[in-house]
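Trainee: need a 3D model of the sequence below.
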Amino acid sequence: MDISFLDKATLWPKGRLYEDFFVGQEFEHHWGRTIFESDNVLFSTLLMSFVPLYFNRDYAKAHGHPDVVVNPQLVFNIVLGLAVEDCSEIGGPFLGVFDLKYHRPVYPGTTIYSRTKTTDMRLSSSNPKNGIVTWETEGRDENGELLVSFRRSNLVKRRTGASQ
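Mentor: Numbering: from 1, shown residues only. Presented below is the predicted three-dimensional model:
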C-alpha cells in the first residue's frame with residue numbers, strides 16, 4: 001500500500017485567533033534579521049526606488065552618511081515580517097498601517113529586532129465572525145536603538161464565531 005507524503009504529514013495549527021489576544025499583551029519576536037548591502041540593492045532595484053542614498057556609497061558619504069542608507073521601506077517590511085508569526089500568521093485582511101515613523105537611518109550590517117504590543121481589540125460591527133486587533137510594533141537594532149515604529153490593524157477570525 002502506497003501512502004503519500006501528505007497522508008503521513010501532521011497538520012500543526014499556526015497563528016492566533018481573536019480570543020488569543022488581549023490588550024497589553026507583548027511579543028518579543030524571535031530571530032531578528034541582519035540587513036546586507038545586497039538585500040538593500042536588490043529591494044531598491046526591484047521597487048525601482050532609484051534614490052542614490054540607497055546604492056551610491058560616494059553620494060551617501062557626500063551627504064553625511066557613513067555608508068549607503070538602507071531603504072526605509074525595506075526596514076519597515078523586515079520589522080513587519082518579523083511580527084507576522086506572532087500576530088497575523090493565521091491570515092485575515094490587513095487593515096492598514098498608522099503613525100509610521102522612521103527614527104534614524106539604517107546601514108548595511110545592522111541586525112533588526114522587532115517587538116509588538118496589543119493596544120486595541122474590538123468585534124467587527126460589519127462582520128461579527130471576526131474581530132479587529134491593533135498592535136504597536138517597534139524595530140530596534142542590536143544596540144536597542146529605535147529604528148522604526150508603527151501601529152497596524154488586522155481583521156482576525158474569532159474562535160467562537162458570531163453565535164456567542
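Trainee: hey, let's count contacts and neighbours off CA atoms from now on
Mentor: Noted.
Trainee: now do the phi/psi pair for the nearest residue to Leu100 once chain neighbours are set aside.
Mentor: Leaving aside its chain neighbours, Leu100 sits nearest to Phe150 (4.3 Å; criterion: C-alpha to C-alpha, 6 or more residues apart in numbering). Phi and psi for Phe150, reported as degrees, to the nearest 10, are phi -170, psi 160.
Trainee: which stretch of helix or strand covers Val68?
Mentor: If you go by DSSP states H and E, Val68 is not part of any helix or strand.
Trainee: chain neighbours aside, what residue packs nearest to it?
Mentor: Distances taken as C-alpha to C-alpha, 6+ apart put Arg57 closest to Val68, at 5.0 Å, once the chain neighbours are dropped.
Trainee: distance of that neighbour from Val70?
Mentor: Per C-alpha to C-alpha, to the nearest Å, Arg57 is found 11 Å from Val70.
Trainee: who's more crowded, those two?
Mentor: Shown here are Arg57 and Val70; by other C-alpha atoms under 10 Å, Val70 has more neighbours (25 against 16).
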